[in-house]
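Undergrad: got a sequence here, can you build the structure:
(2 chains)
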Amino acid sequence: MNRRFVLATALGALLWPIVAPGRALALGALDRPPGSDLARALVATLRRPDSAAAVGRAYLARFPAEALSVRLVEGIREGLARDGFDPVVPAGRPAELRSRLGERVRRDFAEGRVVAVDGWMLAATEARLFALAALRRGG
Amino acid sequence: MLRDARELEDGARVECDLCVVGGGAAGITVARAFAGSSPSARVCLVEAGGLEYEEATQALYRGRNVGLPYFALDVSRLRYFGGSTNHWAGRCRPLDPIDYRARPWVPLSGWPFGPEELEPYYRQAHEICQLGPYRYDAAFWADEGLPLLPLGDGPFESGVWHFSPPTLFGEVYGPELKRAANVHVLLHANAIEIETDEGGAGVTGLSLACLDGPRLTVRARAYVLACGGLETPRLMLASNRVVPAGVGNRHDLVGRCFMEHPHVVTGAVALTNPDASLAFYARDRVPGHGAEFRGRLHLAESAQEAERVGNLEYVFLPEPSTEDTGYAALRCLLRGARTLTAPDDLLGDLALAVADIDDVVAGLLWRLGLRDYTASSFGLYAYAEQRPNPDSRVLLGTERDALGMPRIRLDWRLTPEDKRTLLVGAQLVAREFGRTGLGRVQIREWLTADETSWPNDLFGGHHHMGTTRMDGDPRRGVVDAECRVHGVDNLYVAGSSVFPTSGVANPTLTIVALALRLADHLQGSLSS
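TA: Numbers count the residues shown, from 1 in each chain, chains lettered A, B, ... in the order given. This is a model prediction of the structure:
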């Protein structure tokens, strides 16, 4: 996994809060029960899902036990819940979801919740998000 | 006065008050101090080489590396007037306050005095090394084009090195010593033995030898060994007619605790925040305030203590030397074309070069010197403190040089704790860059592979420290707080061999500061 993928993926991850509004989500998803809708909403926050999926595959190769969408989604939700945010409850607020994910990623680093993927130190939340992208692309 | 020892009679004896052995930064500084403020003291500065590089004299520095791979010992230092200042890079900064502390997590740490003791001497040393304003706060040197990273109250802080022109001590201060009536610089005079009284408690003379020339003796009231971190212990160990273990070596410490500053790439940084810049920490010899400086990212003392690691700092290497940028791919293709050999992954490189055309253009313009390469990926280059390790040492070998002196063997060793410092540091950089949204960090595999292996691209800085370390307790140090050799009344040591800990600062500024301090002490003791 080279730096180019990381650059592209991480750029996507960190620019969530300022991604163009044109990247609209066909939601109403956020006021539905969790599961595949939430997984779809989470992956939709990624700017370059293909690159993210490449990183996600590397993560799953290292942590094969995480290769379940429901487990990854739950792990991400737990992280957001620590910040007092439930991604399921608010309705139609994709920008807020992106912003909250970005905050959780930074807090993961502050709290030492990091994983190494091919030597790259990633936040647990973003690694799971990339893994989710990989699963949804059949990785 | 400058004199060539080869012109003296065989068996000649030179009498003086103070004999300084070694015409490098330390020796020249001590001699200058007496030229300026103690005109009644007769000083003899003994220099093994001449005024220029000479192959035969330089060959006396050859030795063997028997530990970690290291520079050839006749490449890492220079044996002519001015010493290793004839090839130093000029990078200067004082030690950090933590370097003086006895740290429970660093065995054998602690200097016998604190930073306030050296502070006035550092200011004098600053002028001697021809440095700029005595300002080491990064904010003074930063500006809009070279901003500091927004690190807040995290584990890192920004700092700077100053750059000396570099000052070639022999060229710059030789004329002054030549004019000084009370200072005799004796060139081509190799010190081969420290003569002592029967008990080894006092030096009675210094034997000198010229290559294919006369043998001489110097008699002085006091002697200062300023030959460097490899040669000073060599001379002490080889002077073993009275004390078999060598002069000042009753507790088997001479030559031990050899320390370098490990320099190594510990990771890669992908800068993902388009508003962030690492230029302050990436550019070398930046002009500013009438001087030149380089920014650095330093692991704060609070973090060193919290993580129980050594001192550590970083610069970022912006060169397009990675395998996965278009410019690097193009270079690979061009190299292959020049040498008529195919690159390892021709198709992959072609694809990258075609797809990454922006990076190729930027890299070419940088290469041609037409534009700064605004890289988004960097090497994470660490400069680390080495812990005092008694098993890392200078020993005498069985081979002899042209003067009959035993050559040295250098057994440079690092410890798992040294490696842990580098690993923890890289992890902290990764966490801090992620926390602040700057980017992501890849940690090199060798850091996590095991506790003891080191990569092939590990280097030192040609910094030879600790081999006659300073400590008030003769069981822990070779010299005391005044740099006097324990148990030998009139023998002193100047230079980086007295450092009890290495810190992470380049040693020359501290060498000069300590030499000034020693000169002050000697002026007092000789006058009384």
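Undergrad: mind checking how far the residue most central in space within chain B is from B:Arg64?
TA: Central residue check for chain B by Cα atoms, centre = their mean: the C-alpha nearest the mean position is that of B:His463, 2.8 Å away. Using Cβ to Cβ, to the nearest Å, B:His463 is found at 19 Å from B:Arg64. In this view, the C-beta of every residue, glycine as well, is placed from N, C-alpha and C.
Undergrad: picking that back up, quick one, what contacts the residue nearest to the centre of chain B?
TA: B:229, B:259-261, B:496, B:502, B:506-507 (Cβ atoms under 8 Å, 6 or more residues apart in numbering or on different chains).
Undergrad: hmm, 7 Å instead?
TA: Taking Cβ atoms under 7 Å, 6 or more residues apart in numbering or on different chains, we find B:His463 in contact with B:260-261, B:496, B:506-507.
Undergrad: could I get the residues you listed as TSV with distance to chain A, pLDDT and neighbour count?
TA: What follows is those, written out as TSV (distance: Cβ to the nearest Cβ, whole Å; pLDDT from 0 to 100; neighbours: other Cβ atoms under 10 Å in any protein chain shown):
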residue	distance to chain A	pLDDT	neighbour count
B:Glu260	26	98	27
B:His261	24	98	23
B:Ser496	35	98	24
B:Asn506	29	98	23
B:Pro507	33	98	25
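Undergrad: so which of the residues you listed sit within helices?
TA: Residues of these located in helices (DSSP state H): none.
Undergrad: make a markdown table out of those residues and add distance to B:Asp480.
TA: Formatted as a markdown table, the entries for those read as follows, by distance: Cβ to Cβ, whole Å:
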| residue | distance to B:Asp480 |
| --- | --- |
| B:Glu260 | 24 |
| B:His261 | 25 |
| B:Ser496 | 17 |
| B:Asn506 | 25 |
| B:Pro507 | 20 |
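Undergrad: report pLDDT for the closest residue to B:Glu47 other than its chain neighbours.
TA: If the residues on either side of it in the chain are set aside, B:Glu47 comes closest to B:Gly23, at 3.5 Å by Cβ to Cβ, 6 or more residues apart in numbering or on different chains. With respect to pLDDT, B:Gly23 has a value of 98.
Undergrad: give me the number of residues near A:Ala44?
TA: Here the count is done by other Cβ atoms under 10 Å in any protein chain shown, and A:Ala44 has 18 residues near it.
Undergrad: likewise for B:Gly228?
TA: By other Cβ under 10 Å, the residues close to B:Gly228 number 29.
Undergrad: what about B:Arg62, how many neighbours?
TA: Tallying neighbours of B:Arg62 according to other Cβ under 10 Å, which is how burial is gauged here, yields 14.
Undergrad: I figured it hits B:Leu73, correct?
TA: Yes: in terms of Cβ atoms under 7 Å, B:Arg62 counts as a neighbour of B:Leu73; the distance is 6.3 Å.
Undergrad: would you list every one of the helices in chain A?
TA: In order along the chain, chain A carries the following helices (DSSP H): A:3-14, A:36-44, A:49-62, A:69-82, A:94-111, A:124-136.
Undergrad: for those, which one sits closest to chain B?
TA: Evaluated with Cβ to the nearest Cβ, the helices of chain A place helix A:94-111 nearest to chain B, the distance being 3.4 Å.
Undergrad: so that closest one, near chain B or not?
TA: Yes: using Cβ under 7 Å from any Cβ of the partner chain, a contact is recorded between helix A:94-111 and chain B, made by A:106, A:109-110.
Undergrad: for the host helix or strand of B:Ile194, list every residue counted as buried.
TA: Secondary-structure assignment from DSSP states H and E places B:Ile194 in strand B:190-196. Of the residues in strand B:190-196, those buried by neighbour count under the rule 16 or more other Cβ atoms under 10 Å in any protein chain shown are B:190-196.
Undergrad: that older thread, contacting residues around the residue nearest to B:Glu47?
TA: Counting by Cβ under 7 Å, 6+ apart, B:Gly23 makes contact with B:45, B:47, B:81-83, B:170, B:185.
Undergrad: so, low pLDDT: which residues of chain A?
TA: Filtered on pLDDT under 70, chain A yields the residue ranges A:1-35, A:89-92, A:139.
Undergrad: up against chain A, what does the stretch 51-200 of chain B have?
TA: Residues of the stretch 51-200 of chain B found near chain A (Cβ under 7 Å from any Cβ): none.
Undergrad: quick check: closest non-adjacent residue to the residue of the stretch 51-200 of chain B found nearest chain A.
TA: Using Cβ to the nearest Cβ, the single residue of the stretch 51-200 of chain B nearest to chain A is B:Gly154, 9.0 Å away. Residue nearest to B:Gly154 in three dimensions, not counting chain neighbours: B:Glu432, with 5.1 Å by Cβ to Cβ, 6+ apart.
Undergrad: only the buried residues of the helix or strand harbouring that neighbour, if you could.
TA: B:Glu432 is part of helix B:416-435 when elements are defined by DSSP H and E. Of all the residues in helix B:416-435, those buried under the rule 16+ other Cβ under 10 Å are B:417-435.
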